[in-house]
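S.K.: Sequence first, predicted model second:
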Amino acid sequence: MTAEPAETPTAEETGQVRVSTLELFFDLVFVFTITQLTEVLADHLDLIGVVRVTLMLGVIWWMYSAYAWLTNAMTPSSPLRRVLLLVGMGSFLAVALAVPDAFGAAGWLFGLGYLVVNLVHTGAFALAGGEGVLRALRGGLALLNLLSSSLVLAGGILTGPWRYGLWALAFAIQAATPYLSPIGGFSIAAGHFVERHGLVVIIALGESIIAIGVGVRGYDLGLSIVFGAMLVLTVLYYMYWVYFGGDDERAEHVLAATADPTRRAYRAVHAFGWAHIPMLLGIVAFAAGVKKIIGHPFDAAKIEYALAVAGGVLLYLIGHAVFLLVLGLGRLRYALMCGVLIPLVALPLGLVSAALMLGAIIVVFAVSWFVEAGGPRPVLRAWRAGDTPGPHSG
């Protein structure tokens, strides 16, 4: 994750800035990226496919999130800033286009696009910042960014084990950058930061809706497929509600209330950098599994399809549990109950019927939420008051 310190108190620093429409336009590329990653995993639901998607998502996410840090410190309020963001967007699009064949003939395009993404990011920060930002860039941030992106390019040119090794090393360097460079001067506008990452989660969840439509192509549309689609939608609703049932707002309050800038920056890196990787990977895995089972939901799912669906939900919950821990939000009982029951109950049922597996996941979510909410009385009181409590609302 890469970010640079802001120089003086601004709207960004005080947390008053919100996500701009240009940033929403920028995020459309991430929609395509998630679609491409899902396609790769759905076509290669094996260990090699998982490794490839994890490596690609890892390097893409760290730099994509770095652009969230960029726009958090620099609003796209001038023509030059907007042009830089559009160039970065175009470079991300090139990376996304290369994803299906990134471990084949398109590796060079993946690497070249990634290098341009990094250079634009560094240049935009240098343009927006003052002496402090330039000092930080000269102090190692720019060099580490250039090193990691150069490794991605080199890996894209080379073939075989070199590509895997160099991309893994690039990901490790990106992940280590916050610990190799002082980040105490970073300024984070909590409202914008949380909203931007929340939008990315919404975008990723939407890929599973797309997977339903893609997965039913070539099948006669009947009640069984419609029923299966409703089950998938219900699972997605619970995945949505886990994140947006109050924890997003509480996360914003925690970041805003963290006075020490170093602690705030590390909380942001850990909660919105590290924790979001398993969440996004879980969503991609779930979508890939849905694509495979939705055409025949009442048939027994192959073991790899069941692992993708149930394992994807489990990965998502693991990431969210880390998110809660890092921000000190507590209330882990819901995630722990789901994390234990889904592999024990839902996964075996998937080998009998995909619909049974999806139904079991829904039941586990509902029962765990009910227990976390404190039983029937708190739930009824909240509903009578016109509120619908989320799984972690307090």
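M.R.: Nice, thanks for sending it over. Residues are numbered from 1 along each chain as shown.

S.K.: What is the neighbour count of residue 303?
M.R.: The number of residues packed near residue 303 is 12, by other C-beta atoms under 10 Å. Just so you know, the C-beta spots here come from the backbone N, C-alpha and C atoms, and that holds for glycine as well.

S.K.: For it, list the residues it contacts.
M.R.: residue 351 (C-beta atoms under 8 Å, 6 or more residues apart in numbering).

S.K.: what's the pLDDT at it?
M.R.: You'll see residue 303 listed with a pLDDT of 96.

S.K.: for residue 339, same thing?
M.R.: 80.

S.K.: Need the residues that contact the helix or strand it falls within.
M.R.: According to DSSP states H and E, residue 339 maps onto helix 333-341. By C-beta under 8 Å, 6+ apart, the residues outside helix 333-341 that reach it are 242, 313-314, 317-318, 320-321, 324, 364-365, 367-369, 371-372, 391-392.

S.K.: Tell me where the model's unsure across the protein.
M.R.: The chain contains residues with pLDDT under 70 at 1-17, 129-139, 182-186, 373-394.

S.K.: the domain parsing of it - what is it?
M.R.: Annotated domains of the chain cover 11-187, 215-384 [automatic domain parsing].

S.K.: How far does the first one sit from its chain's centre?
M.R.: The chain centroid and the centroid of domain 11-187 are separated by 13 Å, computed with C-alpha atoms, centre = their mean, to the nearest Å.

S.K.: can you offset everything so residue one is 30?
M.R.: Noted, 30 is the first residue going forward, which turns the last one into domain 40-216.

S.K.: So which of the contacts of helix 362-370 belong to strands?
M.R.: Among the contacts of helix 362-370, the subset assigned to strands under DSSP state E is empty.

S.K.: Got a quick ChimeraX command for the buried subset of the residues you listed?
M.R.: To isolate the buried ones among the contacts of helix 362-370 in ChimeraX, judged by 16 or more other C-beta atoms under 10 Å, type:
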select :271,342,343,346,347,349,350,353,393,394,397,398,401,420,421
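
S.K.: Just the contacts of helix 362-370: which are in helices?
M.R.: Within the contacts of helix 362-370, residues falling in helices by DSSP state H are 271, 342-343, 346-347, 349-350, 353, 393-394, 396-398, 400-401.

S.K.: out of those, who's nearest residue 84?
M.R.: Nearest to residue 84 among the ones in helices among the contacts of helix 362-370, counting by C-beta to C-beta, is residue 347 at 18.8 Å.

S.K.: Go ahead and confirm the closest one touches residue 307.
M.R.: Yes. Counting by C-beta atoms under 8 Å, a contact exists between residue 347 and residue 307, whose distance comes to 5.1 Å.

S.K.: all helices for the stretch 180-329 of the chain, in order.
M.R.: 190-209, 219-244, 252-273, 276-286, 290-298, 305-322 (DSSP state H, counting those that start in this stretch).

S.K.: The fourth one to helix 252-273, inter-axis angle?
M.R.: Note on geometry: by axes from the mean of the first three to the mean of the last three C-alpha atoms, to 10 degrees, helix 276-286 and helix 252-273 are set 20 degrees apart in direction.

S.K.: hang on, the earlier thing: C-terminal to the helix holding residue 368, what's the next element?
M.R.: Proceeding N to C from helix 362-370, the next assigned helix or strand is helix 376-379, under DSSP H and E.

S.K.: Send me that next one as PDB with only the CA atoms.
M.R.: Backbone C-alpha positions of helix 376-379 (Å, rounded to 0.1, in the frame of the first residue of the first chain) are rendered in PDB as follows:
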ATOM      1  CA  LEU A 376     -19.600 -27.800   2.500                       C
ATOM      2  CA  PRO A 377     -20.600 -31.500   2.900                       C
ATOM      3  CA  LEU A 378     -24.200 -30.600   1.800                       C
ATOM      4  CA  GLY A 379     -22.800 -29.200  -1.400                       C
END
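
S.K.: tell me what it is packed against?
M.R.: helix 332-356, helix 383-401 (3 or more C-beta pairs under 8 Å, 6 or more residues apart in numbering; DSSP states H and E).

S.K.: Setting aside sequence neighbours, what's the nearest residue to the most centrally placed residue in the chain?
M.R.: Nearest residue to the geometric centre of the chain (C-alpha atoms, centre = their mean): residue 309, 3.7 Å. When the adjacent residues along the chain are set aside, residue 309 lies closest to residue 233, with 5.4 Å between them (C-beta to C-beta, 6 or more residues apart in numbering).

S.K.: can you pull the contacts of the one you found?
M.R.: Residue 233 neighbours (C-beta under 8 Å, 6+ apart): 59, 63, 308, 309, 312, 313.

S.K.: ok, so of the ones in helices among the contacts of helix 362-370, who is nearest residue 96?
M.R.: Nearest to residue 96 out of the ones in helices among the contacts of helix 362-370 is residue 349 (C-beta to C-beta; 22.8 Å).

S.K.: how near is the closest one to residue 293?
M.R.: From residue 349 over to residue 293 the distance is 20 Å, taken as C-beta to C-beta, to the nearest Å.

S.K.: tell me what the helix or strand encompassing residue 67 is packed against?
M.R.: Secondary structure assignment for residue 67, by DSSP H and E: helix 50-72. Judged by 3+ C-beta pairs under 8 Å, 6+ apart, the packing partners of helix 50-72 are helix 76-102, helix 108-127, helix 219-244, helix 305-322.
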